[in-house]
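Participant: What follows is a protein structure lacking sequence information:
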């Protein structure tokens, strides 16, 4: 222990840090938010080009419709919802999955007439590798207790407002109305809620440990795709 | 409350909550709202087979004639349609009702396959093209009691199955496919003749039309056939025309057949034990697993080791079967559904279930029914989704694109698809709304 190493003599270790953000997260939403520090920013662009799916838990409420599709907006309409059953909801979700699966195949820019398109479709690996409108790869109903319900959505290239709009459209399809109460991202590519650091752990030690844990996984994922 | 000179300001939380509770509640669907039954059609329109006259003869100045309807279009019908069949340029729709009109037809009527449609311009002649679903007058003894169970269409003839009055046949009879004696130089256009067939060993439960022949399946599990036999599709042991429905023997003698299918010149039958039998044309390797000959005129058992078979469907050049586990197997010639490399095979090949939406996320998706058009295939899943593949002749696949489809592709229909009927260049589906 040399006196020259003491922080009060040397100054703070990090003066400036270059921090970049991964996929955007709304003010009203919560969940996993990926940040890149320093040299990690280059990895961020590579991860973006991998086009991996993100998983959200979306909570909704039947009976209300608001102008910005969430429960804090101005009320537009109130409707009845006692005719809605879990079966009807699952049917609508199956149709949504079907049309989005079609969009997945169409935006992936692969010629449908080739044998390799067929093989990729069988394995389920067809994915749009460029810009595309929001596509939902899978939806599942986790909880259903009128008037509330909760869905798990796997999607690509989406925004949280698009998910809220989708909840509103599900309400319209079921001949009622719905607003979105909660949007929470539980997975962003390789990063899950377990890796994410809560507010209490925003200090240097935990950040360094988290980076070390995720390094290997990020490298394998990048090699696999590119 | 507030003074006259004070501005309003944003409403407080309590005011918002009170306004929300005071808002009126709208009801769009009650608790007892029923799901409605709808019919969707798509494909080639100019033959009138889709039943939408404004596609062929636009009724408004801004409308243009539409030659092809590439995506499902809703057809308004008066009654709930329980059975539909597509022939070569014409369609039959049947309802299970006890009213007097039970069957409607539209499309080509050059051989009176839709019965006699009296023309309004000339009361003695009939229409050659019917653009709208028009009722077909059946000579029933008890029109207010008999119910129509099923309809089937071939190239130029149609069969209507009733529950107590046998089978009615109409249309072209130049090969005896209507089950009555062939009359030389008979003029079929504008004919009033509808023949009734009653002599079978038990009640007929399924009627199937091939291109120019007819198959009847009775409750006891026997199969009768009549019509053209040059490819052996009548299965009666000869290659001649049969004008009276005759019982089939061969490998299906004594076997309880639960389903028969035919579309072109090949026929398949499924027994209650899950075996499949075939006869007819084998030029496209449909029956090549048992014989090298290209015409088989006696039903032969097809020894496939793919499991117990639940349903079979015959196309023009390819066949498809569905097993009890919900797997789909295809064989024959043409676009079979496994990519552009698989053009012909004599042995059934399975189509991977992941193409029908099966995945780790939704592992309980199964194919429930398979249907065949002349060079198209259709599969219905238990979730009510419709998958099609094959040659996209004049937009008949309904995908919205005009290219051929080499692997199963979803058709977006606003509802749960209950049944689908495939023809040469158009398809009709019966859908339950959400």
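Facilitator: All right, it came through fine. Everything numeric here is computed off the predicted structure, so don't read it as measured data.

Participant: Correct me if wrong: residue B:229 contacts residue B:213.
Facilitator: Yes - at 7.0 Å, residue B:229 counts as touching residue B:213 under the criterion of CB atoms under 8 Å. For the C-beta atoms, the positions are set from N, CA and C on the backbone; glycine is no exception.

Participant: So those two - more neighbours on which side?
Facilitator: Looking at residue B:229 and residue B:213 with other CB atoms under 10 Å in any protein chain shown, you find the greater number of neighbours at residue B:213, namely 29 against 25.

Participant: Enumerate the beta-bridge partners assigned to that one.
Facilitator: Note on residue B:213: beta-bridge partners residue B:227, judged by DSSP bridges.

Participant: OK, contacts around it?
Facilitator: Under the criterion of CB atoms under 8 Å, 6 or more residues apart in numbering or on different chains, the contact partners of residue B:213 comprise B:154, B:175, B:177, B:225-229, B:233-234, B:262.

Participant: Okay, it and chain A: tell me how far apart.
Facilitator: Counting by CB to the nearest CB, to the nearest Å, the gap between residue B:213 and chain A amounts to 35 Å.

Participant: host element of the closest residue to chain A within the stretch 51-200 of chain B?
Facilitator: Per CB to the nearest CB, residue B:71 is where the stretch 51-200 of chain B lies closest to chain A, at 11.8 Å. Assessed by DSSP states H and E, residue B:71 sits inside strand B:68-75.

Participant: Run the chain-centre distance for that strand.
Facilitator: 16 Å (CA atoms, centre = their mean, to the nearest Å).

Participant: Could you list every helix and strand in contact with that strand?
Facilitator: Under the contact criterion of 3 or more CB pairs under 8 Å, 6 or more residues apart in numbering or on different chains; DSSP states H and E, strand B:68-75 touches strand B:37-44.

Participant: Just want the angle from the strand it packs on to strand B:68-75.
Facilitator: Counting by axes from the mean of the first three to the mean of the last three CA atoms, to 10 degrees, strand B:37-44 lies at 170 degrees to strand B:68-75.

Participant: so after strand B:37-44, what's the next helix or strand?
Facilitator: If you walk from strand B:37-44 toward the C-terminus, the next helix or strand you reach (DSSP H and E) is helix B:53-56.

Participant: give me phi/psi at residue A:79?
Facilitator: Here is the backbone geometry of residue A:79 (degrees, to the nearest 10): phi -130, psi 170.

Participant: Give the burial count for it, as a bare number.
Facilitator: Under the neighbour criterion other CB under 10 Å, residue A:79 is assigned a count of 20.

Participant: For it, report the pLDDT, please.
Facilitator: At residue A:79, the model reports a pLDDT of 91.

Participant: Thought residue A:61 was touching it, still the case?
Facilitator: No - the pair residue A:79 and residue A:61 does not pass the contact test of CB under 8 Å, sitting 11.7 Å apart.

Participant: got the residues of chain B near chain A?
Facilitator: B:19-20, B:23-31, B:33, B:338-341, B:352, B:354-355, B:357, B:359, B:361-362, B:383-385, B:403-407, B:409-410, B:412, B:414, B:416, B:434 (CB under 8 Å from any CB of the partner chain).

Participant: Doesn't residue B:408 lie inside a strand?
Facilitator: Yes - inclusion of residue B:408 in a strand is indicated when DSSP: H, G, I helix; E, B strand; the rest coil is applied.

Participant: In space, what's closest to it - neighbours in sequence excluded?
Facilitator: residue B:387 (4.0 Å; CB to CB, 6 or more residues apart in numbering or on different chains).

Participant: separation between the one you found and residue B:412?
Facilitator: The spacing between residue B:387 and residue B:412, counted by CB to CB, to the nearest Å, is 11 Å.

Participant: Number of residues surrounding the residue of the stretch 51-200 of chain B closest to chain A?
Facilitator: Residues contacting residue B:71 under the criterion other CB under 10 Å number 14.

Participant: Name whatever forms a beta bridge with the residue nearest to residue B:408.
Facilitator: On the basis of DSSP bridges, residue B:387 takes part in beta bridges with residue B:379, residue B:410.

Participant: residue contacts, it?
Facilitator: Residues touching residue B:387, when contacts are defined by CB under 8 Å, 6+ apart, comprise B:355-356, B:378-381, B:408-411.

Participant: repeat that with 6 Å
Facilitator: Each residue near residue B:387 by CB atoms under 6 Å, 6 or more residues apart in numbering or on different chains is listed here: B:356, B:379, B:408, B:410.

Participant: Residue B:328: which of these is nearest?
Facilitator: In terms of CB to CB, no member of those lies closer to residue B:328 than residue B:379, at 6.0 Å.

Participant: who's in contact with that closest one?
Facilitator: B:328, B:367, B:370, B:387.

Participant: Stretch B:366-383: end-to-end distance?
Facilitator: Between the opening and closing residues of stretch B:366-383 we find a distance of 8 Å, counting by CA to CA, to the nearest Å.

Participant: in that stretch, what's buried?
Facilitator: Buried residues in stretch B:366-383, counting neighbours by 16 or more other CB atoms under 10 Å in any protein chain shown, are found at B:366-381, B:383.

Participant: average pLDDT across that stretch?
Facilitator: Stretch B:366-383 shows a mean pLDDT of 92.

Participant: Then stretch B:55-63?
Facilitator: Averaging the model's pLDDT scores along stretch B:55-63 yields 89.

Participant: Please identify the buried residues of that stretch?
Facilitator: B:55-56.

Participant: Name the SS class of the closest residue to residue A:174 other than its chain neighbours, please.
Facilitator: The shortest distance from residue A:174 to any non-neighbouring residue, by CB to CB, 6+ apart, is to residue A:84 (5.2 Å). Under the three-state scheme (three-state DSSP), residue A:84 adopts coil.
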